[in-house]
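Undergrad: could you look at this predicted model? Sequence included:
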Amino acid sequence: MNINYKLEGKGKTLVFIHGLSDNMVYWQPLVNNLKNHYQILRYDLRGHGSSELGNEKISMDTYVNDLLFLLDKLKIKKVNLIGFSLGSAIALDFTINHPERVSSIVLISAFYKCDNHLSEVFTSLKNSLEKGFPDFFDTILPMVLCPDMIKDNENELNSLKYMASQTANIEAYINAVDVCLNFDVENKLQCIDVPSLIIASEHDDLTPASMQKELNEKLNDSKMILLDNVKHNVLLGENIDKIHNILMDFYIKF
């Protein structure tokens with residue numbers, strides 16, 4: 001089972017976990033600066049990017065075990081997890097099941113259970129995936145980007161849709177959506193006892209700020225930062241430097 005990854009930099013280890021249909025390139029804008037201060041591990045989830053999907057049924061345990069295998073392979077004993085969207089769910093589950101391996105968690109555009117709203121969202125995404133990647137792209141785009149950004153970058157986004165459709169692993173993405181539909185760690189959050197940081201958007205239509213505020217309240221040692229100029233995808237424009245500085249401030253404390 002091949003898991004594609006990249007390890008660079010020196011210092012305490014930060015592990016970046018991307019979201020549905022993304023790959024480790026998503027984190028490149030942050031890594032450019034952070035690798036000068038920390039050891040950075042990025043990897044592609046199963047069936048995403050250049051990682052193989054494999055033949056087994058995909059569950060949250062699969063994603064968690066893949067990360068554990070990778071850390072053991074690289075002989076990394078303890079890490080700081082940074083997860084975006086689906087990646088945040090994996091970070092939560094990994095921390096619950098392997099607390100001895102985690103020093104802190106950063107959760108971006110996060111969710112801790114699939115409530116009625118998310119069930120509708122993920123079901124719509126699954127239905128669009130069954131029609132093909134272009135339909136999925138058109139369905140999820142307004143959930144993750146503000147209307148002005150979509151309008152101002154129409155040509156670039158159309159090119160991205162075409163290029164991504166050439167390599168998209170629809171089976172892997174549907175499997176990932178199924179994992180999201182069955183995700184619920186609400187009753188286990190009290191087990192998490194490491195410093196936590198939640199980065200959210202006031203205008204997130206996919207994982208609403210209200211749910212992320214609830215998550216912040218349920219975690220034992222958590223801080224939340226709300227951004228107001230983006231939707232689900234917060235790692236854009238001026239927010240790249242802002243999030244970089246937020247992370248630097250967060251990690252310097254421990």
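TA: Ah, there it is.

Undergrad: what about residue 23, how many residues nearby?
TA: By other Cβ atoms under 10 Å, the residues close to residue 23 number 19. (Glycine included, C-beta is placed from N, CA and C.)

Undergrad: next up, the contacts around the residue nearest to it when sequence neighbours are not counted.
TA: Leaving aside its sequence neighbours, residue 23 sits nearest to residue 49 (Cβ to Cβ, 6 or more residues apart in numbering; 3.0 Å). Neighbour list for residue 49: 4, 23-25 [criterion: Cβ atoms under 8 Å, 6 or more residues apart in numbering].

Undergrad: can you rerun that using 10 Å?
TA: Listed by Cβ atoms under 10 Å, 6 or more residues apart in numbering, the contact set of residue 49 reads 3-5, 18, 22-26, 42-43, 167, 169, 172.

Undergrad: could you measure from it over to residue 232?
TA: From residue 49 across to residue 232, the span is 20 Å (Cβ to Cβ, to the nearest Å).

Undergrad: strands - which of the contacts of residue 49 land there?
TA: Among the contacts of residue 49, the members falling in strands (DSSP state E) are 5, 42-43.

Undergrad: just curious, which of these is nearest to residue 186?
TA: residue 43 (27.0 Å; Cβ to Cβ).

Undergrad: if I look at the residue nearest to that closest one when sequence neighbours are not counted, what pLDDT would I see?
TA: Leaving aside its sequence neighbours, residue 43 sits nearest to residue 5 (Cβ to Cβ, 6+ apart; 3.7 Å). pLDDT recorded at residue 5 is 98.

Undergrad: surely residue 5 meets residue 48?
TA: No: in this structure, residue 5 is not within contact of residue 48 by Cβ atoms under 10 Å, at 11.9 Å.

Undergrad: mind listing the shared neighbours of those two?
TA: Contacts common to residue 5 and residue 48, judged by Cβ under 10 Å, 6+ apart, are residue 24.

Undergrad: with neighbour numbers in mind, choose between these two.
TA: residue 48 (25 against 17).

Undergrad: mind listing what the residue lying closest to that one once chain neighbours are set aside touches?
TA: Spatial nearest neighbour of residue 48, chain neighbours left out: residue 23 (5.1 Å); criterion: Cβ to Cβ, 6+ apart. The contact partners of residue 23, by Cβ under 10 Å, 6+ apart, come to 4, 42-45, 48-51, 164, 167.

Undergrad: please redo it, this time with the cut-off set to 7 Å
TA: Taking Cβ atoms under 7 Å, 6 or more residues apart in numbering, we find residue 23 in contact with 44, 48-49.

Undergrad: same check, this time on residue 143
TA: 205-206, 231-232.
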